[in-house]
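*Asks:* Sequence first, predicted model second:
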Amino acid sequence: MNEKINIIWYGTASVRITAGSSQLLIDPFFPFSDSRVKIAADAYDDCSHILVSHGHFDHISSIRDIVRNDTTVYCTKAPYHTLCSKGVNEKNLRLIKPRSSFYVGDMHITAYKGKHISLNMWSILKTICSRRVRHNLKGINGKLKKIVSCLEKKETLCYVVEVYGKRILILGSLALADDIDYPTGVDLAFFPYQGSQKICDIALRIYDKLRPQAVLLTHFDDTFPPFSSEIDTSDFEEHMKQRAKVYKLPHGGRLEI
């Protein structure tokens, strides 16, 4: 039996984890039509279990277009209500909370209380009023309306997926709640590398606390222009050379552990 875990990174925080016949999607999305990132319309059709880390636009906005009759979406209250308001049938939604524990095929999943990286108002205003936004005003009101309709409400989750004797830690955002004992020394941790001008320092502090054997970088890409941006990960990769393996995949790239 081939007990390998296969991982595909589609972009932003969207990842597929496959172990044998068990499959799981995390925060799947379709980019804005004017994004350089492209995802096939049927990319997610054969996976019927979706984990939501939190309710922001770039994590849940495409779920209505992905859900099929047999799809189950696991999420907290805020994305649950947002998805219902956007037309996702309640029968496809399963409400979970920190400490929830369940199986998807052979995968055992445990939810942990997470924390979203701090987004200060100055940075948000700076992005909205940036030259890039001013030069790309076509459809801007529609994009803004979609973004503000999806709220996180301090409900970010982290997940640990256990299968084939390995543990994968999925951080919903690059921050940790102060009162939670997170698993340390996992085989692989997903680091969403976005959200702060000090992102390298933040990532290094989290690595030092959790000490995963390897890190997969996500969310560093520019998939929702003109509001998103490509983040330089080279400082973090350089610092990690003598510590642990860092994987940075191209869109649609694959990793096997």
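*Replies:* On my side now, so go ahead.
*Asks:* The residue nearest to L255 when sequence neighbours are not counted: what secondary structure?
*Replies:* In this structure, L255 finds its nearest non-sequential neighbour in I7, 4.5 Å apart by CB to CB, 6 or more residues apart in numbering. All C-beta spots, glycine's among them, are computed from the backbone N, C-alpha and C. With DSSP: H, G, I helix; E, B strand; the rest coil as the basis, I7 sits in strand.
*Asks:* how about I7, what does it touch?
*Replies:* Listed by CB atoms under 8 Å, 6 or more residues apart in numbering, the contact set of I7 reads 15-18, 188, 216, 254-257.
*Asks:* In strands only, show me these.
*Replies:* 15-18, 188, 216, 254-256 (DSSP state E).
*Asks:* which of the residues you listed tops the neighbour count?
*Replies:* Compared across the ones in strands among the contacts of I7, I17 has the highest neighbour count, 26 neighbours, by other CB atoms under 10 Å.
*Asks:* Show me what it bridges to in the sheet.
*Replies:* I7, L24 (DSSP bridges).
*Asks:* you'd agree it is up against V161?
*Replies:* Yes - counting by CB atoms under 8 Å, I17 touches V161, with 6.2 Å between them.
*Asks:* what residues do the two have in common as contacts?
*Replies:* Common contacts of I17 and V161, defined by CB under 8 Å, 6+ apart, comprise 24, 107, 168.
*Asks:* okay, now F224: neighbour count?
*Replies:* Neighbourhood size, F224 [other CB under 10 Å]: 22.
*Asks:* From L169, how far off is it?
*Replies:* For F224, the distance to L169 equals 25 Å [CB to CB, to the nearest Å].
*Asks:* Please apply the same query to K248.
*Replies:* According to CB to CB, K248 stands 17 Å off from L169.
*Asks:* would you turn the contacts of I7 into CSV with distance to S48 and pLDDT?
*Replies:* As requested, these are exported to CSV (distance: CB to CB, whole Å; pLDDT from 0 to 100):
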residue, distance to S48, pLDDT
V15, 16, 98
R16, 12, 98
I17, 13, 98
T18, 13, 98
L188, 23, 98
L216, 23, 98
R254, 20, 97
L255, 22, 97
E256, 22, 97
I257, 23, 96
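*Asks:* What is the nearest of those to K209?
*Replies:* Ranked by distance to K209 (CB to CB), the contacts of I7 are led by L188 at 16.1 Å.
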